[in-house]
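Enquirer: mind looking at a prediction? Sequence and model below.
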Amino acid sequence: MQNLLFDAYQRILPRAVERFPVIIVDIDDASLAAIGRWPWPRIELARLIEATHRLGALAVGLDILMPEADDLSPSRLLSGRAEISAKVRDALTALPSNDSLLANSLRRVPVVIARAALTGRETENAVASKPTPVVFVGPSPVRYLESYPAELANIPDIEAAASGHGYVNDARDADGAVRVMPLVIAVKGAAVPALALELLRVATGQPQYSVRSDAGGLLGVQLGNSFIATDRDGRIRPHFSPAYAARRVSAAAILRGELAAGALANRVAIIGATAVGISDIAATPLAARMDGVEIQAQLVENILFGSRLIRTAQASWWELAVFTALGVLLAVLLPRLRPLYGVLIFLAIAAALLLGSFTLFQCLHWLYDPTFPIAGNALVVGVLLTAGYSASDRGRRELGESLGVERRERQRVAGELRAAREIQMGMLADPASIHGLPSNVEVFALLEPAEEVGGDLYDAFILDEHRLFFMIGDVSGKGVPASLFMALTKTLSKSLARREKSSVERLLSAVNQEISQENPASMFVTAIMGILDTRSGTVELCNAGHNAPVLLRANAAPRTLEGASGPPLCVDEEFSYAAQQLKLEPGEILVLITDGVSEAEDNQQRQYGSESVIETLAAEFPGTAAAACEKLRADVKRFTAGAPASDDLTIMAIRFKQKSK
C-alpha cells in the first residue's frame, strides 16, 4: 500500500523540469539504421564520444559494458579465415585495434565508463585501474552500504584510459520497480561510486569525493562544495519526471554533425543504447517501462536540483505514534457520540492525514505514509461502532480488496507473459530470411508454445560461405523458467558457434559445460546440433538426448537416424559428445522434431507416437521443407482434435536441392 501511494504521488505530481543539464546520447533505432547493427565497432563509439565532447559536454558517461575485446578490430575480424595470406594477415595485425583507438579517445575526453557489481563469483577480467579516491568523514560506512563480492569491468586498456569508473547497479523492489538508486555501494569491501556520482565528479574536475557518516550510517556525499544527502544506506529516492524527448539526442544526429556548435555546452552527456532488443528496461513509479540510461540521467538531475524524495529512518515511528494517538482519541470520543458523528470524525481525520501527506510530498519532498494510521484506526472505529457486524463486513471488504489485487496481478502477469511471448518468438530465426543462405538449400521451421511462453528452441544461420549451422532443442519444464533457460541456451549456442567455428561435437560439449555452470534449478536441455556443407550435402549431427531426426527420400521409406547420442545438456558437465555424418542427396529432406510432436495427446490421453510421425511423412513425399513441416503439424492437430497442448510443438526441416558449383 505504501508503494502504491507513493507511486501515485509521483504520477499525480511528477518532477517539473525547466532545463536539461543531462543529455542522453541515444543509440536508438534510427542510429542502428544509419550506422549498422549492434554492437558497433568501437571506433564508432570513439567517434561518438569525441563528437559529443566537441559539442561542449563537460563529461561523457558511457552506460555500456565492454568486458571483451572488439571482434570487429582488423586483427580479429578475419582471424578464422585460413585462406587469408600471411601478408594480408600481417598488414591487418599492424593496424591499431578498435579498442586501442577507443582508449586513445578516452584519454583525450573526460569519460566515465560503466562497471557492474555482481552477486556471483568473481569474473576473470581484472580491474586494471585504481578506484576513485574516497575520504571518510566519520566512521567507515562500508557496513551500511549494499555490498557485492564481485564486479564486471571492461577490458584493461579501456579501464586504464577512462577518467572515471561508475557502477550502473540499481535497487529494485520485490515488484521489479526502481524506486531507489544507490549513490555509493561496496564492492569487495571498498566503497565505490555510482555512475551518476562519478560523472558529476569528473564533470566538476574533483579529484575525489567524501562520504560523511555517523554511528547510524551515511549522512551523505561531499563533492567539492556540494553536499548530497542520502539515506542511511547510501541510496537516494529519485523524484521521476516523464521521459522528455528534449532530454535525448540521437547518436546518428551527432555523428552526422546535425547539431549546432555548443549545443551541449555546460551539460553532461550519457551514451546509452535504447533501440529495440538492446535496451535495458525497468519499471519506475512513473512508467512501466523506462530505459536504464533514462533512469541514470534522472538520477543526475535529482542530485543537481536537490529534488530527491526523503523518507527518514524515523518515519515509521512517526506513523506508529500518529496511529496510537488517533486510536486513543477515537476510543475516548466515539462511545460518547452518535455513530454517524464518529464515522464523520474518522473520515475527516483520514482526509487530513492524506492531505497532510501529499502536502509534505509537494512542499518538502517528504514521504509520509498515512495508510497505516488510517487503516489501523478504521479497525478501531469498526470495532467500537458495530462490533460483530463490523467485523463481518470488514472481512467482506478485505476479501474484495484481495480479489481486486489478485485480479490486477493476474492482468499484470498476463500482460508480461504476452510481452515475453513476443520477445521469445522474435528471438527465433526466420527461415525465409536467413542471411547468405545458398539457393540450393531450403530451411523451414515452426514453433507453437503450449503456454504463453515455452522451452522449445530452434535456430539456423550461415557460419561461413558454405556451412549452415542448425539446431533444435527442448528445455525441461514449461512456462517462464523454461523460456528463460531456452533463451540462454539459444544465445550461448549461437555465440559459441559464431565465435569458435569448431566441429559440432566440440561445440555441443562447450555449450554443455557453459550452461551447466549456472543452473541452480537443475534444468536440462535435449538438443540436436548440425552443420551442413551446402556444396556437398554432407551433414555433421550431434545429439544430446533428443528425438532422432528423420531422413525423407523421394523413392524410399523415411529413415530414422539413430546415430551417436549422449545425455541431455546439464546432465553430465564433462561428457564428450560424438558426431555422426550423413550425406544428403539432391531432393532429400532432413526433419527434426521435439517431443511435443511425438508425445502430443488427444482427449483420451493417447500419444501421437514416433510411429505416427514416420507414417505421416511416408504417406506422400512432401517435396519441400515447408510442406513437410505443415503436413506433420496438420496431422498432429487432427490427432489431438482440440485437446489442450501438453507440450511445446516444434518442427524443423532442411531440404538439399542440388550440389552447388
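Expert: Perfect, I can see it now. Numbers count the residues shown, from 1 in each chain.
Enquirer: OK, contacts around residue 78?
Expert: 84, 88, 89, 92 (Cβ atoms under 8 Å, 6 or more residues apart in numbering). Every residue, glycine included, has its C-beta placed from N, CA and C.
Enquirer: ok, residue 146 touching residue 183?
Expert: No: counting by Cβ atoms under 8 Å, residue 146 does not reach residue 183; the two are 10.5 Å apart.
Enquirer: picking up where we left off before, could I get the contacts of residue 78 as CSV with neighbour count and secondary structure?
Expert: Below are the contacts of residue 78 laid out as CSV (neighbours: other Cβ atoms under 10 Å; DSSP: H, G, I helix; E, B strand; the rest coil):
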residue, neighbour count, secondary structure
84, 12, coil
88, 12, helix
89, 15, helix
92, 16, helix
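Enquirer: for these, which one is nearest residue 501?
Expert: Of all those, residue 501 sits closest to residue 84, with 13.8 Å by Cβ to Cβ.
Enquirer: quick check: chain neighbours aside, which residue is closest to the closest one?
Expert: Using Cβ to Cβ, 6 or more residues apart in numbering and skipping the chain neighbours, the partner closest in space to residue 84 is residue 78 (5.3 Å).
Enquirer: hang on, the earlier thing: TSV for the contacts of residue 78, including pLDDT?
Expert: As requested, the contacts of residue 78 are exported to TSV (pLDDT from 0 to 100):
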residue	pLDDT
84	75
88	74
89	75
92	75
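Enquirer: now do the contacts for the nearest residue to residue 580 once chain neighbours are set aside.
Expert: The shortest distance from residue 580 to any non-neighbouring residue, by Cβ to Cβ, 6+ apart, is to residue 563 (3.2 Å). Going by Cβ under 8 Å, 6+ apart, residue 563 touches 541, 543, 548, 580, 582.
Enquirer: quick one: which of those residues has the most company?
Expert: residue 543 (26 neighbours; other Cβ atoms under 10 Å).
Enquirer: am I right that residue 443 is in contact with residue 471?
Expert: No: Residue 443 is beyond contact range of residue 471, at 11.9 Å (criterion: Cβ under 8 Å).
Enquirer: these two: which has the busier surroundings?
Expert: The neighbour comparison of residue 443 against residue 471 (other Cβ under 10 Å) goes to residue 471, with 29 against 22.
Enquirer: and the residue nearest to the more buried one when sequence neighbours are not counted, how close does it get to residue 506?
Expert: What sits nearest to residue 471 in space, not counting adjacent residues and going by Cβ to Cβ, 6+ apart, is residue 529, at 4.6 Å. Distance of residue 529 to residue 506, given as Cβ to Cβ, to the nearest Å: 10 Å.
Enquirer: tell me the contacts of the nearest residue to residue 641 once chain neighbours are set aside?
Expert: Residue nearest to residue 641 in three dimensions, not counting chain neighbours: residue 602, with 5.9 Å by Cβ to Cβ, 6+ apart. Contacts for residue 602 (Cβ under 8 Å, 6+ apart) come out as 639, 640, 641, 643.
Enquirer: quick check: the gap between residue 632 and residue 545.
Expert: According to Cβ to Cβ, residue 632 stands 21 Å off from residue 545.
Enquirer: domain map for the protein?
Expert: Annotated domains of the chain cover 2-305, 315-421, 428-656 [automatic domain parsing].
Enquirer: any idea of the mean pLDDT for the last one?
Expert: Put plainly, it is domain 428-656. Across domain 428-656, pLDDT averages out at 88.
Enquirer: residue 487 and residue 38, how far apart?
Expert: Distance from residue 487 to residue 38, by Cβ to Cβ: 17 Å.
Enquirer: er, residue 165 I mean
Expert: As for residue 165, its distance to residue 38 is 23 Å (criterion: Cβ to Cβ).
Enquirer: neighbour-wise, which of these two wins?
Expert: Counted by other Cβ under 10 Å, residue 165 and residue 38 do not tie: residue 165 has more neighbours, with 23 against 13.
Enquirer: show the pLDDT at that one.
Expert: 95.
Enquirer: so it is in which element?
Expert: If you go by DSSP states H and E, residue 165 is part of strand 164-167.
Enquirer: and residue 632 and residue 545? which has more neighbours close in?
Expert: residue 632 (24 against 16).
Enquirer: for the helix or strand that contains that one, name the packing helices and strands.
Expert: Here residue 632 is covered by helix 625-640, with elements defined by DSSP H and E. With contacts defined as 3 or more Cβ pairs under 8 Å, 6 or more residues apart in numbering; DSSP states H and E, the packing partners of helix 625-640 are strand 441-448, strand 589-593, helix 610-619, strand 649-656.
Enquirer: quick check: buried residues in that helix?
Expert: 625-633, 635-636, 639-640 (16 or more other Cβ atoms under 10 Å).
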